[in-house]
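Undergrad: quick one, structure for this:
(one chain, ligands or ions: 2)
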Amino acid sequence: MSAQQILKVFVTRRIPQEGMKILQKAGLCNLSVWDSDEPVPRAELLKGVAGAHGILCLLSDKIDTEVLDAAGPNLKVISTLSVGFDHLAIDEIKKRGIRVGYTPDVLTDATAELTVALLLATARRLPEGVEEVKNGGWSTWKPLWLCGYGLSGSTVGVIGLGRIGLAIARRLKPFGVKRLLYTGRQPKPQAQEVDGEYVPLDTLVSESDFVVVSCSLTPDTQGLCDKTFFSKMKKTSIFINTSRGAVVNQEDLFEALSSGQIAAAGLDVTTPEPLPTAHPLLTLKNCVVLPHIGSATYSTRGVMSELTANNLLAGLTGSEMPSELKM
Ligand code: NDP
Ligand code: DGY
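TA: Ligands and ions are numbered 1, 2, ... in the order given. This next block holds a predicted model:
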């Protein structure tokens, strides 16, 4: 048996076949797969990674010191089927010289599209409307029934004008958005394309009719959208989050929505995931919650799977990764 054939890889979930085919065809590694659509239990994860040279994981797998210790010194690469990497203990991974692959760009269009869909569904109250048709609440056409808010002439504020934030802005502008505000760590030259105005967070929050969160989850953005944040929003404004649930203080969001401090919220991401069915946010008509489906198109998930597999193989062979996270 050659040295190459004994490379051990643990795959934490059943992934789209595009990626599995690449891994199998490469014939480089001994693949051990948690062959399920459900997350690998923690104990199985710790067992599965023992001695692994590579881990292919998902955003729902917390790769922390315990997992790294369980894997041991062989571990060369972690390849995640996601662009977000807040589930990875980056400092510890870096310290150990382990490389990380992720999936930027390939999911940008799908996620931006979903964000626009969520924004429109929330602002124009689509889930409520569908429900009323089904439950007999639709009695006749009424001038003030199920009215919402439109994008035409509005001010949109994007928190985090990165790859996805910019793609969202590009898609929203043709709806007649009057001003496009954004905030982040520094102004972005590419904002010119959407006539984006770089403003302080407070300005964005208080002047926007739609606040769209598309930043990454970091210690700085954790809990960013809290009571103070919502108290600065207009009563007629809509809050949309497709980044990570932990950017939002959900108790404060519930309060803002139920007290009429803000008009509505659309969330593709929550804490925890799944959100318990008895969660207070799910009792509100003005809160639309989706099950983290931003990148969920067949083709996007297929390409993500391919990229994740190719990142993993490059990490195992010490070659250039198609998408390596710069740490
Ligand atoms: P990028 O790295 O391109 O963009 C992240 C943005 O976050 C950057 O513009 C960055 O600004 C900004 N940011 C970082 N810190 C702050 C801060 N303190 N305040 C404001 N902005 C900040 O990543 P992507 O656009 O590709 O992805 C963004 C996130 O979207 C992912 O990290 C992931 O969590 C989420 N996501 C969710 C999906 C879903 O299914 N709902 C699908 C895909 C991604 P700067 O450049 O100035 O540092
Ligand atoms: C990511 O990639 O970070 C998303 O949350 C899922 O595609």
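
Undergrad: the stretch 151-300 of the chain: strands as residue ranges?
TA: With DSSP state E, counting those that start in this stretch, the ranges of strands along the stretch 151-300 of the chain come out as 155-159, 179-183, 196-198, 210-213, 238-241, 264-267, 287-289.

Undergrad: format those strands as JSON lines; extra columns: distance to ligand 2, mean neighbour count and mean pLDDT.
TA: Any C-beta I mention is one placed from the backbone N, CA and C, and that applies to glycine too. Shown next, in JSON lines, are these (distance: least, CB to the nearest ligand atom, whole Å; neighbours: other CB atoms under 10 Å; pLDDT from 0 to 100):
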{"stretch": "strand 155-159", "distance to ligand 2": "16", "mean neighbour count": "25", "mean pLDDT": "99"}
{"stretch": "strand 179-183", "distance to ligand 2": "20", "mean neighbour count": "22", "mean pLDDT": "98"}
{"stretch": "strand 196-198", "distance to ligand 2": "23", "mean neighbour count": "18", "mean pLDDT": "98"}
{"stretch": "strand 210-213", "distance to ligand 2": "13", "mean neighbour count": "26", "mean pLDDT": "99"}
{"stretch": "strand 238-241", "distance to ligand 2": "12", "mean neighbour count": "27", "mean pLDDT": "99"}
{"stretch": "strand 264-267", "distance to ligand 2": "13", "mean neighbour count": "25", "mean pLDDT": "99"}
{"stretch": "strand 287-289", "distance to ligand 2": "15", "mean neighbour count": "22", "mean pLDDT": "98"}
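
Undergrad: looking at these, which is closest to Q190?
TA: strand 196-198 (8.4 Å; CB to CB).

Undergrad: that closest one vs ligand 1: in contact?
TA: No - taking CB under 6 Å from any ligand atom as the criterion, strand 196-198 and ligand 1 are apart, separated by no less than 9.6 Å.

Undergrad: list the strands paired with that strand, with their directions.
TA: strand 179-183 (parallel) (DSSP bridges).

Undergrad: next, count neighbours for the closest residue to ligand 1 within the stretch 1-150 of the chain.
TA: The minimum distance from the stretch 1-150 of the chain to ligand 1, using CB to the nearest ligand atom, falls at G84 (3.2 Å). Residues lying near G84 (other CB atoms under 10 Å) number 18.

Undergrad: which bits of this protein sit near ligand 2?
TA: So the chain meets ligand 2 at L59, S82, V83, G84, T103, L107, G294, S295 (CB under 6 Å from any ligand atom).

Undergrad: rerun at 8 Å
TA: 59, 81-85, 102-103, 107, 111, 244, 269, 292, 294-296, 300, 304 (CB under 8 Å from any ligand atom).

Undergrad: the one residue in the stretch 101-250 of the chain that gets nearest to ligand 1: how many residues sit nearby?
TA: Closest approach of the stretch 101-250 of the chain to ligand 1 (CB to the nearest ligand atom) occurs at G162, with a separation of 1.8 Å. Neighbourhood size, G162 [other CB under 10 Å]: 19.

Undergrad: got it, and Y102?
TA: Burial measure for Y102: 22 neighbouring residues, criterion other CB under 10 Å.

Undergrad: now do Q17
TA: The tally of other residues near Q17 (other CB under 10 Å) stands at 11.

Undergrad: repeat that for P16.
TA: Residues near P16, counting by other CB under 10 Å, number 19.

Undergrad: what about the nearest residue to it once chain neighbours are set aside, which helix or strand?
TA: In this structure, P16 finds its nearest non-sequential neighbour in S305, 3.8 Å apart by CB to CB, 6 or more residues apart in numbering. For S305, the host element (DSSP states H and E) is helix 298-317.

Undergrad: ok, the residue nearest to P16 to ligand 1 distance?
TA: 15 Å (CB to the nearest ligand atom, to the nearest Å).

Undergrad: for the chain, give me the ranges with low pLDDT.
TA: By pLDDT under 70, the low-scoring segments of the chain are 1-5.

Undergrad: what residue is smack in the middle of it?
TA: Closest residue to the average C-alpha location of the chain: S243 at 4.2 Å, with CA atoms, centre = their mean.
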